[in-house]
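Undergrad: next input, structure requested:
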Amino acid sequence: MSPILAYTTEQFTDSEKKSKESMFQKIKNGLNKEYTLPVYGKGTLMEIIQFFVNLLIFPAIAYQMTKTWRRQEAADFNPWFVLLQFFGGAPEGMIGAIIGYLLGNTQMFIIGCYAMFYNAYMLYFRLFGKNGLMVGKKNKKK
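TA: Below is the predicted model of the structure:
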């Protein structure tokens with residue numbers, strides 16, 4: 001057997017194991033450390049990242065909804081998938097809204113409600129919009 005394949009994790013020394021553990025502990029401590037930003041205020045690094053990601057997500061969803069309103073159709077969405085997205089998923093969906101409410105996490109609650117509205121909106125246009133699944137062939141808009 002070659003020496004490379006014979007190398008196992010049991011051959012690590014105690015100091016090497018401690019250094020790996022301390023590295024992960026440092027990362028964990030860095031994410032939970034409180035920082036102060038002029039725009040955001042005080043919060044942990046994870047909370048600040050979540051906030052700025054939400055600043056990107058909300059306009060992106062609004063843009064998609066605006067495009068759908070202009071086209072009056074959402075033919076590229078699978079209605080079963082959109083329905084599952086409406087009910088499931090944390091933080092996007094009903095489950096996320098419920099968990100956010102129970103935990104008192106305002107961001108998660110708002111994201112869950114906003115995603116539920118978005119999915120209901122897209123499902124409506126997939127079913128009843130131009131070329132929708134529930135629109136009869138004679139009534140289809142051109």
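
Undergrad: what residues sit buried inside stretch 46-61?
TA: If you call a residue buried by 16 or more other C-beta atoms under 10 Å, then stretch 46-61 has these buried ones: 47-48, 50, 61. For glycine as for every other residue, the C-beta is placed from the backbone atoms N, C-alpha and C.

Undergrad: and that stretch, average pLDDT?
TA: Per-residue pLDDT values across stretch 46-61 average out to 85.

Undergrad: what does that stretch contact?
TA: With contacts defined as C-beta atoms under 8 Å, 6 or more residues apart in numbering, stretch 46-61 is touched by 31-32, 35, 37, 40, 43, 107, 111, 114-115, 118.

Undergrad: 6 Å - rerun?
TA: The contact list for stretch 46-61, computed with C-beta atoms under 6 Å, 6 or more residues apart in numbering, reads 31, 40, 118.

Undergrad: just the buried ones from the residues you listed?
TA: Taking 16+ other C-beta under 10 Å as the criterion, what is buried in the contacts of stretch 46-61 is residue 118.

Undergrad: from the contacts of stretch 46-61, which land in helices?
TA: Cross-referencing the contacts of stretch 46-61 with the helices (criterion: DSSP state H) gives 31, 118 as the overlap.

Undergrad: out of the contacts of stretch 46-61, which is nearest to residue 131?
TA: Closest to residue 131 out of the contacts of stretch 46-61 is residue 118 (20.1 Å), distances taken as C-beta to C-beta.

Undergrad: separation between the closest one and residue 46?
TA: Applying C-beta to C-beta, to the nearest Å, the value for residue 118 to residue 46 is 24 Å.

Undergrad: low-confidence ranges in the protein?
TA: Counting by pLDDT under 70, the chain contains low-confidence ranges at 1-21, 136-142.

Undergrad: hmm, 50 instead?
TA: In the predicted model, the chain carries pLDDT under 50 at residues 1-3, 5-7.

Undergrad: how about the strands in it?
TA: If DSSP state E is used as the criterion, the strands of the chain fall at 34-37, 41-44.
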